[in-house]
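J.: Okay, here's the prediction I keep looking at, along with the sequence it came from:
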Amino acid sequence: MRLRLISRFSLFTLLTALSAGSIFAQAPLEPAQLPSRTIFYLIWHGAPAGEVRKTNSLMSLWDDADFAPVRTALANALMNDAKNQKEKPSLSREELANFATLLDNAFTIGYLPREGAPPKPATPNAKPPSWNGMFLVYDRSGKEELLSKAVLRMRANGEEIPSLTEITVAGVKALKVERKSGTNYWAETGKYAVSATEPAVFEEVLKRVTGKATGTSLAELAAYREAKPVLSGGLVEFFLRVPQIKDIAGDADSSSPYLKMFWSSIHLEALHVFAGHISLDGARTRLQGAVLGDTAEGSLFDIWSAGQKQPQSFAYVTPATIYYNESQFDLQGIFNTLKRALAQPGSNTAPLVTSVENSVETRIGMTLPEAFALTSGEFGTLQTSPALEDDKKVYFLGIRNKPDALKLMRTIFSDKLTSEHNEGDITYLKISLKGNQDAKGVAQWNFYHLAMTSHLLLGASKTETLQAAIAQAASSDAGSLPKNLQVARRQFPETLNGFSYFDLQRVDWPALQQQWAAQAARAAATAKSIDDAKKSKQWNELLLNVNPAVFPRHLHSLTGASWKDATGVYFDESVD
């Protein structure tokens with residue numbers, strides 16, 4: 001839970017709350033200016049106006065004085081990285097804060113593939129030269145002096161002093177920066193700074209920035225037009241032409257036949273584009289995106305289930321639920337995809353896949369398709385503890401055909417199944433996860449508790465937690481959701497293959513803070529190295545120094561959903 005919470009905060013916070021600035025700006029290179037062969041881009045439109053920071057939950061959290069220890073900890077982490085470089089001066093907090101304001105301005109990051117075939121290697125057995133098509137275009141308006149200081153600082157902190165050569169590319173004066181590790185190109189023209197590794201990419205991007213380029217743009221391609229509805233607006237937008245991932249991976253003419261067979265077997269071409277954007281809507285920060293393409297059977301889209309209107313797990317959600325997460329996957333589709341990818345005729349992995357499949361089927365006494373058919377593909381988690389205690393967490397798996405599913409469970413756990421009994425139409429199972437001996441030589445066992453209903457298999461570390469969940473379902477009104485979750489659910493389409501809700505206002509932040517601090521202290525005590533112990537100690541100090549009241553002051557809920565239709569798989573996540 002902690003990792004999930006931190007990762008979601010990081011996703012939004014790092015992109016929306018690092019610095020204050022002006023209203024959303026035009027990017028240095030918009031899609032209409034990018035070459036049509038562009039595989040990937042990410043555009044940061046610059047930090048929003050100061051007034052937005054006051055109304056947006058994440059940014060107001062970042063700016064709160066009680067959140068200062070977190071900001072300081074991040075600064076210290078960056079400074080510690082710099083200190084690890086021997087005999088290199090470290091950044092002061094003031095310098096770091098000053099350099100962070102570079103994020104006020106817009107920038108575009110992208111990737112251009114190689115044009116044409118790679119040059120032939122010098123010798124028959126040599127590999128073609130590697131390719132790095134990444135580029136950066138930064139709007140340096142008002143940041144010219146600060147940007148120069150930052151670039152000089154990075155060059156000085158390198159392991160070697162680079163060789164600098166003045167050159168002219170596309171009519172623009174530039175620098176060729178050479179190190180043993182590679183070469184980079186840098187230019188400042190007008191209000192833009194441009195950087196790239198490949199000369200051809202550097203020249204192409206400079207032409208685009210200065211308006212000298214010709215030819216079609218990315219905005220004219222069908223893939224971009226397909227993605228346009230999920231790209232418009234917001235702080236950040238991102239775009240990836242999925243089939244061209246194989247170009248980034250180096251699928252040249254010299255690639256092995258097995259690599260080419262791999263791309264063909266998973267039908268990567270069915271996934272046209274992965275795109276989305278992050279936007280601000282008052283107090284809410286919202287991430288919307290999609291994987292778009294042809295969802296007909298036989299591609300990676302098979303991983304995602306078609307979804308349900310009323311998942312069985314809804315019956316277990318109560319007004320006391322702090323966190324609820326439910327996802328639906330097509331297990332048979334996942335298996336088929338993996339088998340297509342790994343069991344290609346003539347490949348080294350094909351015999352292993354066949355051997356593992358036969359071994360598993362012998363072990364469970366049925367074919368894998370028969371086993372997958374016993375599940376609905378619904379997975380999820382429920383948490384009712386305001387302190388997010390692990391022993392109050394319930395996991396669930398959707399099932400079909402309870403008698404056969406129960407038979408499969410007995411086979412899988414066999415000697416680890418220590419007890420089984422029925423209470424009405426519910427079957428309770430007690431599983432021994434592991435055993436050891438204490439100082440007196442008495443065996444101590446770690447148990448896990450399961451309950452199988454006609455539609456779900458539920459699990460918890462304590463039997464009381466499991467029984468409470470079962471009792472709730474028995475008394476619920478046909479799986480009706482509490483009002484707050486009803487409001488969250490109504491934001492999305494009728495049929496979903498994933499839904500989550502986290503009531504951040506009902507979290508016991510002081511208790512959670514102490515729990516995390518105790519975990520950090522234990523990690524420091526058992527760390528295998530001095531550096532690991534130091535990091536755990538710093539994390540512990542950070543948790544103890546943050547005023548826990550800062551979180552409910554700004555944060556209310558996390559809500560998310562995903563769904564699949566004939567055009568792709570969509571996702572929508574928001575925090576307010």
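T.: Nice, thanks for sending it over. Residues are numbered from 1 along each chain as shown.
J.: can you map out the strands along the stretch 201-350 of the chain?
T.: Ranges of strands within the stretch 201-350 of the chain are 236-240, 271-281, 284-293, 323-328, based on DSSP state E, counting those that start in this stretch.
J.: now those strands in TSV, with mean pLDDT, distance to Gly365 and mean neighbour count?
T.: Heads up, the C-betas are built off the backbone N, CA and C, glycines and all. Listed next are these as TSV, based on pLDDT from 0 to 100; distance: least, C-beta to C-beta, whole Å; neighbours: other C-beta atoms under 10 Å:
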stretch	mean pLDDT	distance to Gly365	mean neighbour count
strand 236-240	95	43	21
strand 271-281	94	36	21
strand 284-293	95	37	21
strand 323-328	95	26	22
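J.: Out of these, which gets nearest to Pro257?
T.: Of all the strands of the stretch 201-350 of the chain, it is strand 271-281 that lies closest to Pro257, at 22.5 Å by C-beta to C-beta.
J.: partners of that closest one, with directions?
T.: Here the strand partners of strand 271-281, with direction, are listed using DSSP bridges: strand 236-240 (antiparallel), strand 284-293 (antiparallel).
J.: possible to save the ones you listed as JSON lines with distance to Ala150?
T.: Output for the strands paired with strand 271-281, formatted as JSON lines (distance: least, C-beta to C-beta, whole Å):
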{"stretch": "strand 236-240", "distance to Ala150": "21"}
{"stretch": "strand 284-293", "distance to Ala150": "27"}
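J.: ok, then the element right after the lowest-mean-pLDDT helix or strand in the chain?
T.: Of all the helices and strands that make up the chain, the one with the lowest confidence by mean pLDDT, DSSP states H and E is helix 2-16; it has a mean of 39. Taking DSSP states H and E as the definition, the helix or strand that follows helix 2-16 towards the C-terminus is strand 40-44.
J.: What is whichever helix or strand comes after that following strand packed up against?
T.: Beyond strand 40-44 in the direction of the C-terminus, DSSP H and E gives the next helix or strand as helix 50-55. Here helix 50-55 touches helix 57-63, going by 3 or more C-beta pairs under 8 Å, 6 or more residues apart in numbering; DSSP states H and E.
J.: Now the helix it packs on: average pLDDT?
T.: The average pLDDT within helix 57-63 is 87.
J.: Restrict it to CA atoms and write it as CSV.
T.: The C-alpha coordinates for helix 57-63 follow below in CSV (Å, rounded to 0.1, in the frame of the first residue of the first chain):
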residue,chain,number,x,y,z
SER,A,57,-4.5,20.0,-3.9
LEU,A,58,-1.1,18.6,-4.9
MET,A,59,0.5,21.9,-5.4
SER,A,60,-0.9,23.5,-2.3
LEU,A,61,0.5,20.4,-0.4
TRP,A,62,3.9,20.9,-2.0
ASP,A,63,3.9,24.6,-1.0
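J.: Please state the offset of that helix from the chain centre?
T.: In this view, helix 57-63 has its centroid 21 Å away from the chain centroid, taken as C-alpha atoms, centre = their mean, to the nearest Å.
J.: What is the burial count for the residue lying closest to Ile364 once chain neighbours are set aside?
T.: Beyond its immediate neighbours in the sequence, the residue positioned closest to Ile364 (C-beta to C-beta, 6 or more residues apart in numbering) is Thr411, lying 5.4 Å away. As a burial measure, the neighbour count of Thr411 was computed by other C-beta atoms under 10 Å and equals 14.
J.: How about Thr165?
T.: 11.
J.: Same question for Trp186.
T.: There are 17 residues near Trp186, going by other C-beta under 10 Å.
J.: Show me what it bridges to in the sheet.
T.: For Trp186, the residues forming beta bridges with it (DSSP bridges) are Leu175, Ser195.
J.: measure the nearest residue to Ala27 once chain neighbours are set aside to Gly380 for me?
T.: Counting by C-beta to C-beta, 6+ apart, Ile43 is the residue found nearest to Ala27 once chain neighbours are left out, at 4.4 Å. Here the distance between Ile43 and Gly380 works out to 34 Å (C-beta to C-beta, to the nearest Å).
J.: I'd like to know how far the closest residue to Ile266 other than its chain neighbours sits from Lys564.
T.: Spatial nearest neighbour of Ile266, excluding adjacent residues (C-beta to C-beta, 6+ apart): Ala341 at 5.2 Å. To Lys564, Ala341 is 21 Å away according to C-beta to C-beta.
J.: okay, those two: which has more neighbours?
T.: Neighbours were counted for Ala341 and for Lys564 using other C-beta under 10 Å; Lys564 has more, 24 against 18.
J.: where does the more buried one land in three-state SS?
T.: strand (DSSP: H, G, I helix; E, B strand; the rest coil).
J.: low-confidence ranges in the chain?
T.: Counting by pLDDT under 70, the ranges of the chain that qualify are 1-25, 49, 74-93, 121-122, 124-126, 128, 157-159, 249-256, 434-445, 476-480.
J.: how does it look with 50?
T.: When the per-residue scores of the chain are filtered using pLDDT under 50, the ranges that remain are 1-23, 82-86, 436-444, 478.
J.: is Thr285 in a bridge, and if so with what?
T.: Leu280, Val575.
J.: gap between the nearest residue to Glu220 once chain neighbours are set aside and Leu218?
T.: Counting by C-beta to C-beta, 6+ apart, the nearest residue to Glu220 once its immediate chain neighbours are dropped is Ser36, at 6.4 Å. Relative to Leu218, Ser36 is positioned 6 Å away (criterion: C-beta to C-beta).
J.: With Gly234 instead?
T.: When C-beta to C-beta is applied, the distance between Gly234 and Leu218 equals 18 Å.
J.: how deep is the closest residue to Ser327 other than its chain neighbours tucked in, by neighbour count?
T.: With sequence-adjacent residues excluded and distances taken as C-beta to C-beta, 6+ apart, Ser327 is closest to Gly498, at 4.4 Å. For Gly498, the number of neighbouring residues by other C-beta under 10 Å comes to 24.
J.: pretty sure Gly498 is in contact with Tyr324, am I right?
T.: No: counting by C-beta atoms under 8 Å, Tyr324 is not a contact partner of Gly498; they are 11.4 Å apart.
J.: which residues do the two both contact?
T.: By the contact definition C-beta atoms under 8 Å, 6 or more residues apart in numbering, Gly498 and Tyr324 are jointly contacted by no residue.
J.: all helices for the stretch 351-500 of the chain, in order.
T.: Remark: helices of the stretch 351-500 of the chain, listed N- to C-terminal, are 368-372, 402-413, 463-475, 483-489; assignment by DSSP state H, counting those that start in this stretch.
J.: Name the nearest residue to Phe238, ignoring sequence neighbours.
T.: Using C-beta to C-beta, 6+ apart, the nearest residue to Phe238 is Leu42, at 4.6 Å.
J.: Arg53 reaches Leu61, doesn't it?
T.: No: assessed by C-beta under 8 Å, Arg53 is found out of contact with Leu61, at 10.1 Å.
J.: So in terms of bridging, what pairs with the nearest residue to Ser500 once chain neighbours are set aside?
T.: Leaving out its chain neighbours, the residue that sits closest to Ser500 by C-beta to C-beta, 6+ apart is Asn325, at 4.1 Å. Taking DSSP bridges, one obtains Thr381, Ser500 as the residues bridged to Asn325.
J.: if I pick Asn325, what's in contact with it?
T.: Under the criterion of C-beta under 8 Å, 6+ apart, the neighbours of Asn325 are 380-381, 499-501.
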